[in-house]
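S.K.: 3D model of this:
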Amino acid sequence: MIQSLPRTIGLDGKTMVVLDGLRKQRNVADYSGEPISAAMAQEAVARASELLEQVEQWLRAHKN
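M.R.: Numbers count the residues shown, from 1 in each chain. Sure thing, here's the model as predicted:
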């Protein structure tokens, strides 16, 4: 769950708000069948890439 990221990896609140907004848009598209814009898809991919880097950095820093 992305909501746990501020407590687990220290994700900042602003990024959490953006990720949660993208999650909500995806849910709407899933349930309504409305297509997702190319811009939103690109934004989601970019944010996912950034999040992956943050998680990898956290894992490297906390590797025992």
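S.K.: Pick out the residue closest to the middle of the protein.
M.R.: Residue closest to the average C-alpha location in the chain (Cα atoms, centre = their mean): Leu19, at 3.9 Å.
S.K.: From Ile9, how far out is it?
M.R.: 12 Å (Cβ to Cβ, to the nearest Å). The way it works is simple: take the backbone N, C-alpha and C, and place the C-beta from them, glycine included.
S.K.: before we move on, back to that, so which strand or helix has the residue nearest to the centre of the chain?
M.R.: Following DSSP states H and E, one finds Leu19 within helix 13-32.
S.K.: Now do the buried residues in that helix.
M.R.: Neighbour-count burial for helix 13-32 flags Thr15, Val18, Leu19, Leu22, Gln25 (criterion: 16 or more other Cβ atoms under 10 Å).
S.K.: Show me what that helix packs onto, helices and strands only.
M.R.: Contacts defined by 3 or more Cβ pairs under 8 Å, 6 or more residues apart in numbering; DSSP states H and E place helix 13-32 against helix 5-8, helix 38-61.
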